[in-house]
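[1] Kindly generate the corresponding structure for this input.
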Amino acid sequence: MHLPRRFTAAVGSSLKLKVGSFIVALLGLTIGIAPWSAIKLQEHELLRSSEDRLRALHGMLSKTIIATCMLTGDPQSVQRVMESMGNHADIESVRLLDGKGIVKYSSQSAERGTRLSQSELARYYGHVDPLVLKEGSTPIHTLVQPVFNQPACHTCHDANQKILGVLQVSLSLDRMFGQLSALKRLAFIASLLSLVVIAVGVWMALTLFVDQPMQQLVEVMQSAEHGDLSARAQVNSKDEIGRLARNFNDMISRLDAAQRELESYHQEQLARADRLATIGEMAAAIAHEIRNPLTGIRGVLSVLSRDFPAEDPRREVVGQTHLLIDRLNKSVEDILHYSRPSLPQLQTVTLDEIVDRAAALVEGEAKKKRVRLIQETDRTRNGSGEPAVVRADPYQIQQVVVNLILNAIQATPAEGQVSLRTQVVEHEGAPKRACIEIADSGKGMTPEEVAKAFQPFFSTKAQGTGLGLAIAKQIVEQHQGEISLRSESGQGTHVVVALPAASSTDPQP
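    Residues are numbered from 1 along each chain as shown. Below is the predicted model:
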């Protein structure tokens, strides 16, 4: 029961066996049809030749018997001619019948005087033209032709009688069919041997030119699959398999180069991450040590400035010093937040509320730089659309939005604008995302700057730690969201913060 299935599976999994079987079957069909067609054509030609020979023999006998013997009035001569012709190798029988179906003369003398059967009378008589018959399944050709009354025959026969009798000549085809049988056997053996030789040759050719190169290529592929990218296929032919092997080698070489480059980049990133971690730890320690003295310095300055008169120029110096201390505190807070991020305290909140509070916080900075803030929220859309609701820490997300809006304001020239937009985005096959989009009309960024925008300590501004976008990305990713930036030089910058959308009916924790 399992043997046919195993054979079918073996045939289906072997290219050499499938191609070889197809070629052998095609050649076997061709080799079988061609000799068989030739033999059938030869058989047809032999039968036609036998018929021509039979007609010639019949004509010769007719002339010999009628012209030579019967006109001389010697019936014994007719019988001797009949018997002489009957001794010929391929002549089965010769008979001369009278008009009533009685055998007058025959190559077999015992038949003389016998009468034909009704079936033979029906077959032999009533035909004016020569009639060629094949006697059943016996390989015998019989030619039956009437003997017409001639003027020379009127001395012995009535002149009104048109047909005097029938001359029958039967020719045996045993020898011819024996030769055809021998030819068929020879053709079968020759075809079988040719098919065996061709099958062996095809099998060896497929093994040498297809199977072995393919096996080598498969082994190299398996080695590459297991991680050995130094393996190469040693196929030097110029055919399709050779081209396949060369293309595979080129692909493996490119993969090897890409892997080496990726490993180098990975090592570089690991080293950079290690350095950043070390720097972050050092910066956090230093920031922690700096924060308390800064607070003390600010307090001391506040105490000292109380005794200054209102018009004293030292008050302005103290105010500028306070601003510098605030900048230092902001930098310290950024470093501490990035090196020691706090876990978000999740709440169900709408992004419109967060954007409203963030916009209120930066409104003064926008007016100072004469930059317009344009908000497009659920309310500004006249209540149309689905409100953008998320499960998030509102203070951390607000920190992200404030940072992004301040960056946009600082990058936008006077009389420019910064657009704020909240919306729910849904793609087929993906969960809904609540998005905050911040776009400015500033100078934009170069592709190199865009590629490094979220890297820690990278900044395009003269002041700042370069941690703003890095902290924003860190907070957004803690909320299972994504932040993306798109910018071109002279075309402004467009930042999108996408968070998993929630429902306003979700319970509070």
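
[2] what about the nearest residue to T114 once chain neighbours are set aside, how many residues close to it?
    The shortest distance from T114 to any non-neighbouring residue, by Cβ to Cβ, 6 or more residues apart in numbering, is to V103 (5.1 Å). Any C-beta I mention is one placed from the backbone N, CA and C, and that applies to glycine too. Neighbours of V103 under the rule other Cβ atoms under 10 Å: 19.

[3] Beta-bridge partners for V103, please?
    L97 (DSSP bridges).

[4] dump the residue contacts of it.
    R95, L96, L97, E111, R112, G113, T114, R115, L116 (Cβ atoms under 8 Å, 6 or more residues apart in numbering).

[5] could you measure it against L116, distance?
    Using Cβ to Cβ, to the nearest Å, V103 is found at 7 Å from L116.

[6] Which neighbours do these two have in common?
    L97.

[7] re the thing from before, what's the lowest-pLDDT member of the contacts of V103?
    Lowest pLDDT within the contacts of V103 is found at L116 (78).

[8] so what's the nearest residue to that residue once chain neighbours are set aside up against?
    Spatially, and ignoring its direct neighbours in sequence, L116 is nearest to G101 (4.1 Å; Cβ to Cβ, 6+ apart). With contact taken as Cβ under 8 Å, 6+ apart, G101 is in contact with R115, L116, E120, L121, Y124, Y125.

[9] Pop out the phi and psi values for the closest residue to L404 other than its chain neighbours.
    Spatial nearest neighbour of L404, chain neighbours left out: I438 (4.9 Å); criterion: Cβ to Cβ, 6+ apart. With angles defined as degrees, to the nearest 10, I438 sits at phi -130, psi 120.

[10] So I438 is in contact with S419, correct?
    Yes - between I438 and S419 there is a contact at 7.3 Å, judged by Cβ atoms under 8 Å.

[11] quick one, which of those two is more surrounded?
    Taking neighbours as other Cβ under 10 Å, I438 and S419 compare with I438 leading, 21 against 17.

[12] beta partners for that one?
    L420, V495.

[13] how close does it get to R372?
    I438 is 14 Å from R372, by Cβ to Cβ.

[14] Same question for Y105.
    The gap separating Y105 from R372 is 136 Å, by Cβ to Cβ.

[15] more crowded one of the two?
    A direct count of neighbours by other Cβ under 10 Å for Y105 and R372 places Y105 higher, at 25 against 13.

[16] can I assume the more buried one is in contact with T114?
    No - using Cβ under 8 Å, Y105 is not in contact with T114, being 11.8 Å away.

[17] now the contacts of V103: which count as buried?
    Buried members of the contacts of V103, counted by 16 or more other Cβ atoms under 10 Å: R95, L96, L97, L116.

[18] how far does stretch 169-185 sit from the chain's center?
    Taking Cα atoms, centre = their mean, to the nearest Å, one finds the center of stretch 169-185 at 58 Å from the center of the full chain.

[19] Now do the buried residues in that stretch.
    Here stretch 169-185 shows V169, S170, L171, S172, L173, M176, L180, K184 as buried, counting by 16+ other Cβ under 10 Å.

[20] State the helix or strand in which the first one lies.
    Secondary structure assignment for V169, by DSSP states H and E: strand 163-172.

[21] Domain boundaries for the protein, per the record?
    Residue ranges for the domains of the chain, per automatic domain parsing: 12-178, 229-340, 343-500.

[22] Among those domains, show me which one is buried the most.
    Among the domains of the chain, domain 343-500 has the highest mean neighbour count (mean count of other Cβ atoms under 10 Å), at a mean of 17.

[23] So what would you say the end-to-end distance of that one is?
    Domain 343-500 has an end-to-end distance of 17 Å (Cα to Cα, to the nearest Å).

[24] what's the most distant pair in the buried ones among the contacts of V103?
    Spatial extent of those (Cβ to Cβ) is set by the pair L96 and L116 at 12.2 Å.

[25] what do I438 and R372 both touch?
    Common neighbours of I438 and R372 (Cβ under 8 Å, 6+ apart) are V418.

[26] OK, contacts around N236?
    N236 neighbours (Cβ under 8 Å, 6+ apart): G242.

[27] That one: what secondary structure?
    coil (DSSP: H, G, I helix; E, B strand; the rest coil).

[28] okay, the buried ones among the contacts of V103 in TSV with distance to P456 next?
    What follows is the buried ones among the contacts of V103, written out as TSV (distance: Cβ to Cβ, whole Å):
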residue	distance to P456
R95	123
L96	127
L97	126
L116	123
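
[29] what about the helices in the stretch 301-450 of the chain?
    Counting by DSSP state H, counting those that start in this stretch, the stretch 301-450 of the chain has helices at residues 314-339, 351-368, 394-411, 447-452.

[30] Residues contacting the shortest one, please?
    Right, helix 447-452. By Cβ under 8 Å, 6+ apart, helix 447-452 touches F458, T460, L485, R486, S487.
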